[in-house]
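Peer 1: requesting a structural model of the entry that follows:
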Amino acid sequence: MLFVCMGNICRSPTAEGVFRHVVQREGMTDRIHIDSAGTHAYHIGEPPDARSQAAAAKRGYDVSAQRARQVAGEDFAEFDYVLAMDAHNRELLLQRCPPRHRGKVRLFLEFAEGATVREVPDPYYGGAQGFEEVLDLVEHAAEGLLRHIKNDQ
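Peer 2: Predicted structure coming up:
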């Protein structure tokens, strides 16, 4: 499971942390490889945005040990799902993705059953409420993604 946003400091590390928590809760950590990355190299090596860390911590998720990285070519072969937070980053991923792996590149919110939005909005330039909205969407999609994986086995 590779979660992808632009810089890998807000949305995708949040998704990684939440999904890791859900997978641990279900006792499936030995079967699901989880990571996150960015389509751009802006923040390589940096921890998640302090606001992302604070919002996640309030809900019991620790994302502080994560470090931003850029999507690498081998990611498309390594991961069964490459989940973009928004359509723009999905398009960037598809441009880089070898044709045989294109079916792996999807929008994360495809797994948020009943969601009224298709994209996780970028909270970077907004206030604290944006980070809470990201968590709400990510938690919903993470549960749906796990259900999808369980049903697919």
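
Peer 1: which residues in the chain form helices?
Peer 2: Per DSSP state H, the chain carries helices over the ranges 11-25, 50-58, 75-78, 87-96, 128-152.

Peer 1: between those, which one is closest to residue 43.
Peer 2: In terms of Cβ to Cβ, the element of those nearest to residue 43 is helix 11-25, at 10.1 Å. Where you see a C-beta, it was placed from the backbone N, CA and C, and this is true even at glycine.

Peer 1: and the pLDDT for residue 153?
Peer 2: What the model reports as pLDDT for residue 153 is 63.

Peer 1: just residue 12 next, same as before
Peer 2: Reported pLDDT for residue 12: 98.

Peer 1: next, the contact list for it, please.
Peer 2: Residue 12 is in contact with 3, 4, 5, 36, 37, 38, 85, counting by Cβ atoms under 8 Å, 6 or more residues apart in numbering.

Peer 1: kindly report the same for residue 55.
Peer 2: Neighbouring residues of residue 55 by Cβ under 8 Å, 6+ apart: 14, 128, 131, 132, 134, 135.

Peer 1: who's in contact with the second one?
Peer 2: Residues in contact with residue 128, defined by Cβ under 8 Å, 6+ apart, are 51, 55.

Peer 1: what's the distance between residue 62 and residue 11?
Peer 2: Using Cβ to Cβ, to the nearest Å, residue 62 is found at 17 Å from residue 11.

Peer 1: neighbour-wise, which of those two wins?
Peer 2: Per other Cβ atoms under 10 Å, whichever of residue 62 and residue 11 has more neighbours is residue 11, with 34 against 12.

Peer 1: between the contacts of residue 55, which is nearest residue 100?
Peer 2: residue 14 (29.6 Å).

Peer 1: my guess is the closest one contacts residue 52. True?
Peer 2: Yes. Because the distance of 5.5 Å satisfies Cβ atoms under 8 Å, residue 14 is recorded as touching residue 52.

Peer 1: neighbour count winner among the two?
Peer 2: Shown here are residue 14 and residue 52; by other Cβ under 10 Å, residue 14 has more neighbours (33 against 26).
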